[in-house]
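Asks: take a look and give me a structure for this.
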Amino acid sequence: MNFSPVKLRAACVLGFTGVALGAFGAHGLKDHWEATLEAAVAAKRLANWETGVFYQLTHAIVLLVLAFGCPEKHQAKLASYCFVIGVNIFSGTLYMYSLTGLRWMGAIVPVGGVLLLIGWVLTALRK
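Replies: Down below sits the predicted model:
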């Protein structure tokens, strides 16, 4: 059986922080935004936050699967790096955009998305 403790740790960190950020969004930010922002703005920020959490938790599970079932070859390592960096850029930028409302941050999100896509392609093509 192939096992990667580094991927396992990365999956656990992403999973732990994803659950924590999801709870923070649902129980802290939602009420705050609904009380302080227009309804449409609050809904948009919460939707962006939830998208970030969804992608973070999804890719934590992917890394967990890769940690136990993927040999440590160059292509598999590269795919894992793409997932970790991609989810940090994608979800992290969505979190920052949601918190600050700075529209230019939305332009960075696709960079993380492209890295996630590359990670999926590398995973599919691995030997």
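Asks: could you say which helix or strand contains the spatially most central residue of the chain?
Replies: The centre of the chain sits closest to residue 56, judged by C-alpha atoms, centre = their mean, with a distance of 2.7 Å. Using DSSP states H and E, residue 56 maps to helix 39-69.
Asks: from residue 38, how far out is the residue nearest to the centre of the chain?
Replies: 27 Å (C-beta to C-beta, to the nearest Å). Where you see a C-beta, it was placed from the backbone N, CA and C, and this is true even at glycine.
Asks: again, but for residue 116
Replies: 31 Å.
Asks: so these two - more neighbours on which side?
Replies: residue 116 (22 against 10; other C-beta atoms under 10 Å).
Asks: tell me the pLDDT of the residue nearest to the more buried one when sequence neighbours are not counted.
Replies: Computed as C-beta to C-beta, 6 or more residues apart in numbering, the closest residue to residue 116 that is not its neighbour in sequence is residue 86, at 4.0 Å. pLDDT recorded at residue 86 is 99.
Asks: which residues touch residue 86?
Replies: Residues in contact with residue 86 (C-beta atoms under 8 Å, 6 or more residues apart in numbering) are 59, 112, 113, 114, 115, 116, 118, 119.
Asks: following the helix or strand hosting residue 12, which helix or strand shows up next?
Replies: Secondary structure from DSSP H and E places residue 12 in helix 5-24. Proceeding N to C from helix 5-24, the next assigned helix or strand is helix 30-36, under DSSP H and E.
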